[in-house]
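Colleague: Only the shape, not the letters, is given here:
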C-alpha cells in the first residue's frame, strides 16, 4: 500500500494573475499538502514533468491499489477554469490508468471542499507514447488556494497520472460574466436570489441576488424563468391584476417597462400551466452599478418562478469603438408595419457621430462590418378565446427591407381563457454578420384583431466583434423549420450566420452540434416556436414540451431548460415562442447542442427554431509547455 507524505511540486506555468490576488505566487510556491502513492518511486512529486515517455518508477504518479487522492496548495488564491493532464499506463507494464476522478477546490487545506469537476478519461494502457496532453474544462470557473483530486475508478490494476496542472486565467483577458440559477423563488415577492452560480468570473458569488459591475462597460443582461401560473378560479377570472410581473432593476430601481417580464396565461388544468419566458437588455453600467431582478406581482393559484437563470456579461470595457443601441416602445398595438420607438435606452456609435438607431424610422444602421447581437422582446396580448378565425401575431426581423428568413419570426397565437389572462413576454435573440450600412428593423406582419397587440417592446443591437482580417471572431446560427415532435438532438436546415476566423469547430447542421474553436466566453441562444395542440386537454400526468441546452452530451441541469405546457383554447391558436439564453465559458472542442427530451402527443412540436453560439471573447492564454 502507498504512503501519505508531503512533497514540493513545481507546476509548469499557466500562471496568469488576477487583480487582488498575490502576484508573488509562482510555480515554486506550489506544494503538495498530502498524497497517496503506491510507493516512493511513484510519488506525487513526479507530476512535475510532462515527459515524452514514461520511465518506470521515475517520472509519473501511481496511486495505491484502489482509490487515491492528493491535495495541492497553489501558494495563493488562483482563478482557473480548467485543468491539463496526461494519463499514465505505468511504463512498460501498461497495466494501470486513471478512469474516473473528481476535483474539488477550497480556500483551506481542510475544506470545506467544492466540487468543480467529475469526469472520466479513456483507457490509455495501449496508447502510443507520448500520451496526449488533455485540456478539461471545469464545471465552473473557480478561485481557490487548494485543490483536491480524488481517484474513483481505474483501468487495469489501479490509477495514476503522468502530469497534472491547472489552467489559470489572465486578468486583462478575462471577460466578467456571472450566471445565477434559482429553483426556489416561487411566489416570494422581492429580489430573486440564486441557489448557485455558474459561468462566474473569479469565482464571483454575490451575497445577494444583485450583481455589481466591476468596472465601467457595456453589459448584456438577461433573465429567463419558467412561470407556472396555475388554473383560474371564479375570483381570479374577474381580477385584471392577476398576473406574474418581474423587473430587471438597476441600483434597486425598476428599469421601467423595458425591463419588464409579464405572464398571465393560465392552464386548463394543473398539468398544463407553464411556459419559459424572459428578456434581454444591453446596458451601459458604471463601476459599482448593481443589477438584479425583482418579483413584484404573483398569481395566488400559480406555483410561480422556477428554473430561473440570470446572466450578466461584459461585452465591451470602453465606449470607444463600441456600438450598442436599444429602443423602447410602450405601445405598438395592432398596427401592421415597422416597429418604431419612443426613446433610447442606450444609443452609442463609437465609430461616428450619427445615431445608429433611428427612433422614428425604427431602423438600426450598422456603422461598420461586424458580428452583431440582435434582441427583440415584447409583451403580446392575444385576447380571449376560443375563436373560429385562424389568426396570429407574427413579427419578423428584416435586413435592408427584406425578411432575413421567411420563417425567422416571433409568433404567438395562444389566446387567453378570459379577458384578464391573455398576455406573455416573449421574443427572439440571434447573431448576424452585418456589412457597413446594413439596416435592421422589426416588422409586424400579422395581428390578432381581438388582442391588444404589442406593448413594452425592447429592441437592442450590439456589436460583438469587428470583422477584420485578424479578428478572432466566431459566430454560428442554425435554423430548423420543423415541425419536430420526437425526442433527440435538433438538427438544422441551414446555417444563416457563419463567421469563422479559426477554421476549426463551428456548427455542424447535420448533427446539430456546435464545437468551440477556442477557449473563451460564449453566448448561447435558443428560441423556438412550440405548437402544443388545442385544449382543453385533461391529462392524468403532466404533458409538456421540454428541451435542454447540453454541453458535451450532458444536460446543463435546469439552467439550460426550455419548457412549455400551455395549450390553445381552440385548434387555431396553439403556438407560442419560448427559449433561453446563457453565457458559458468553453474550452476548445467543447460541444454544445439542443436536445428535445419530452413532447406532447396532441401537439405538432418544435418549429422555426434558431440556435446561435457566439464567441464574446477568446482567452488569450495558451498552454505553455
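Modeller: Arrived safely, thanks for sending. Keep in mind that this is a model prediction, so the values were computed, not measured.
Colleague: Is residue 546 bridged to anything, and to what?
Modeller: residue 563, residue 598 (DSSP bridges).
Colleague: what's around it, how many residues?
Modeller: Neighbour count of residue 546, defined by other CB atoms under 10 Å: 18. The way it works is simple: take the backbone N, C-alpha and C, and place the C-beta from them, glycine included.
Colleague: next one: residue 489
Modeller: 14.
Colleague: who's in contact with residue 225?
Modeller: 185, 246, 261, 276, 277, 278, 305, 306, 307, 308, 309 (CB atoms under 8 Å, 6 or more residues apart in numbering).
Colleague: Go ahead and confirm the fifth one touches residue 227.
Modeller: Yes - between residue 277 and residue 227 there is a contact at 6.0 Å, judged by CB atoms under 8 Å.
Colleague: Let me see the mean pLDDT of stretch 161-173.
Modeller: The predicted model gives stretch 161-173 an average pLDDT of 76.
Colleague: same thing with stretch 214-229?
Modeller: Rounded mean pLDDT across stretch 214-229 is 88.
Colleague: can you give me how far it is from the chain middle?
Modeller: Relative to its chain's centre, stretch 214-229 lies at 11 Å (CA atoms, centre = their mean, to the nearest Å).
Colleague: ok, and for it, which residues are buried?
Modeller: Using 16 or more other CB atoms under 10 Å as the test for burial, stretch 214-229 gives 214, 217-229.
Colleague: cool, stretch 243-262 as well?
Modeller: 243-250, 254-255, 257-262.
Colleague: Could you do stretch 279-295 as well?
Modeller: Under 16+ other CB under 10 Å, the buried positions of stretch 279-295 are 279-285, 289-295.
Colleague: got it, and stretch 40-48?
Modeller: Neighbour-count burial for stretch 40-48 [16+ other CB under 10 Å]: 42, 43, 44, 45, 46, 47, 48.
Colleague: what about the closest residue to residue 59 other than its chain neighbours, neighbour count?
Modeller: Nearest non-adjacent residue to residue 59, counting by CB to CB, 6 or more residues apart in numbering: residue 51, 4.6 Å away. Residue 51 is flanked by 17 other residues according to other CB under 10 Å.
Colleague: How about residue 554?
Modeller: 12.
Colleague: any idea how far it is from residue 592?
Modeller: 11 Å (CB to CB, to the nearest Å).
Colleague: Surely residue 92 and residue 58 touch.
Modeller: No - judged on CB under 8 Å, residue 92 makes no contact with residue 58 at a distance of 12.0 Å.
Colleague: Mind picking out the helix or strand in this structure with the poorest mean pLDDT?
Modeller: The weakest-scoring helix or strand in the chain, judged by mean pLDDT, DSSP states H and E, is strand 7-8 (a mean of 26).
Colleague: still on that earlier bit, quick check: the two most widely separated of the buried residues of stretch 243-262?
Modeller: 243 and 250 (22.9 Å; CB to CB).
Colleague: hey, what's residue 68 bridged with?
Modeller: With DSSP bridges as the rule, residue 68 is bridged to residue 151.
Colleague: That one: what's it in contact with?
Modeller: For residue 68, counting by CB under 8 Å, 6+ apart, the contacting residues are 2, 35, 36, 37, 150, 151, 158, 159, 160.
Colleague: same question, residue 81
Modeller: 137, 138, 141, 142, 167, 169, 519, 585, 587, 619.
Colleague: again with residue 345
Modeller: Residue 345 neighbours (CB under 8 Å, 6+ apart): 255, 258, 281, 282, 283, 326, 327, 328, 458, 460.
Colleague: Could you dump those into JSON lines with pLDDT, distance to residue 550 and secondary structure added?
Modeller: Compiled in JSON lines, these are given as follows (pLDDT from 0 to 100; distance: CB to CB, whole Å; DSSP: H, G, I helix; E, B strand; the rest coil):
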{"residue": "255", "pLDDT": "85", "distance to residue 550": "32", "secondary structure": "coil"}
{"residue": "258", "pLDDT": "86", "distance to residue 550": "32", "secondary structure": "helix"}
{"residue": "281", "pLDDT": "91", "distance to residue 550": "26", "secondary structure": "strand"}
{"residue": "282", "pLDDT": "90", "distance to residue 550": "27", "secondary structure": "strand"}
{"residue": "283", "pLDDT": "91", "distance to residue 550": "29", "secondary structure": "strand"}
{"residue": "326", "pLDDT": "93", "distance to residue 550": "31", "secondary structure": "strand"}
{"residue": "327", "pLDDT": "93", "distance to residue 550": "34", "secondary structure": "strand"}
{"residue": "328", "pLDDT": "94", "distance to residue 550": "34", "secondary structure": "strand"}
{"residue": "458", "pLDDT": "94", "distance to residue 550": "29", "secondary structure": "strand"}
{"residue": "460", "pLDDT": "94", "distance to residue 550": "27", "secondary structure": "strand"}
